[in-house]
Structures are given as structure tokens and as C-alpha cells.
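Asks: this one's structure only:
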């Protein structure tokens, strides 16, 4: 659909960020982080397994983008190397931000926001240096490329250190009371109107 071509490149960036966020963020969304941390497997092996699977999915997405999108064949201002920026950002930066924020949405949003700020900074510096010319576009892409490479390297180190010391902070210790002499009280169940419960839930949300 040629009318949707302008949305193809943003969709590629969003897709890469979403994959990077959900590779680690689904542990928080589905509350499976405590179960993962109790596996009799080293943290390094778990991390490498997640990164290998994530790299495979991101590589597949990059191949689809390079094949389908006309961005890589027709655009004058962006070189082919821009295709790899979402790959490295989704592979290293997004997982690290997801673990730091403990939210897949936070990891994806902060990655996209960081990329946008780098684009604006590169354009601002390029205009200050070259004026309004074609060289600004080349400088912007080069600036974002080198900046994301540095951030990806730093995120890789931070991801390895943070994942090795990752802990479950969801709480839930008061679900079982093991204090001597205490008696657990059972709450009587009663039937309620499901429509009213649905309305209350939506109002609370």
C-alpha cells in the first residue's frame, strides 16, 4: 500500500523497540520474574538466551524492512546503515531501560524518546556547523549512528551488570502468615453481579 509508505519507517522503529521491550518486559507484565530468577541456571546463560532469541527476531524484522520498505532504495538523505540503528537499539538499549524502569512500556518509550532527542540534537548541531544544506542530513545520520553505538556499548555493560543483580521487588510476603499462634481466617464467598463488577473495574481503571 503506497499510501502507507510514510508510516513504514516509524513502524520499523516502533517494532524494534517493542520487541526489545517485551523480550525482558514480559517477565514484569506476567509476573514471572520470581520464577525466572529461581531457575537452577546461571544468570549469564539466561541473559544470553534472551539476547540470542531477540537478535534473531530483530534480524528478521530488519530483513523484512529492507525488502519491503522503499526507504532503503529511494531515500536520498539517509544511508543504508540507518537500517541497523533500530536493531542495536532494540537489542541492547531497550532491554536495559526496560529492566531499569521495570516496565516494557517504559523501556520502549524511553528508547524512542532517546532516539528522537539524538535526531534533534544532530540536526541542531549540523545546522549550526553547515547551515541549511544537504550536509546537515549526512551529519545528523552520522551523529545518531555514533551516539547510538556508544549508548549500545554502555547499555550492554549495564544490562550484564543489572541482570546479574536483578531481584524481584513485587512483594507479596504477607500472603502467607507463618507467625506461631495465628489462625488463618477464611472469607466467605458470595455471588455478585458480573456486570456491576465489570463497571467497577472500568471505573477504577
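Replies: Structure's in. What do you need? On a predicted model such as this, the values are computed, not experimentally measured, just so you know.

Asks: which ones are touching residue 195?
Replies: Taking CB atoms under 8 Å, 6 or more residues apart in numbering, we find residue 195 in contact with no residue. No exception for glycine: its C-beta is placed from N, CA and C like everyone else's.

Asks: assign it to helix, strand or coil.
Replies: At residue 195 the chain is in helix, as set by DSSP: H, G, I helix; E, B strand; the rest coil.

Asks: cool, and the one 3 residues further on?
Replies: Secondary structure, three-state DSSP: residue 198 is helix.

Asks: chain center to the lengthiest helix in the chain, what's the gap?
Replies: The helix of greatest length in the chain, counted in residues with DSSP state H as the criterion, is given as helix 135-164. The gap between where helix 135-164 is centred and where its chain is centred comes out at 15 Å by CA atoms, centre = their mean, to the nearest Å.

Asks: would you mark the buried spots in it?
Replies: Along helix 135-164, these residues count as buried under the neighbour rule (16 or more other CB atoms under 10 Å): 136-137, 139-141, 143-145, 147-148, 151-152, 155-156, 158-159, 163.

Asks: where along the protein do the helices fall?
Replies: If DSSP H is used as the criterion, the helices of the chain fall at 8-29, 33-37, 43-68, 71-74, 85-88, 94-101, 104-130, 135-164, 194-204.

Asks: any stretches of the chain with poor pLDDT?
Replies: Counting by pLDDT under 70, the ranges of the chain that qualify are 1, 70-82, 169-188.

Asks: surely residue 47 and residue 156 touch.
Replies: No: the pair residue 47 and residue 156 does not pass the contact test of CB atoms under 8 Å, sitting 10.5 Å apart.

Asks: for residue 153, see how far away residue 100 is.
Replies: Note on residue 100: its distance to residue 153, by CB to CB, to the nearest Å, is 16 Å.

Asks: sorry, back to before: so what does the longest helix of the chain touch, helix or strand wise?
Replies: When contacts are defined as 3 or more CB pairs under 8 Å, 6 or more residues apart in numbering; DSSP states H and E, helix 135-164 packs onto helix 43-68, helix 85-88, helix 94-101, helix 104-130.

Asks: adding mean neighbour count and distance to residue 18, write those helices out as CSV.
Replies: Converted to CSV, these look like this (neighbours: other CB atoms under 10 Å; distance: least, CB to CB, whole Å):
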stretch, mean neighbour count, distance to residue 18
helix 43-68, 14, 10
helix 85-88, 23, 10
helix 94-101, 25, 9
helix 104-130, 17, 6
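
Asks: before I go, just wanted to say thanks for your time.
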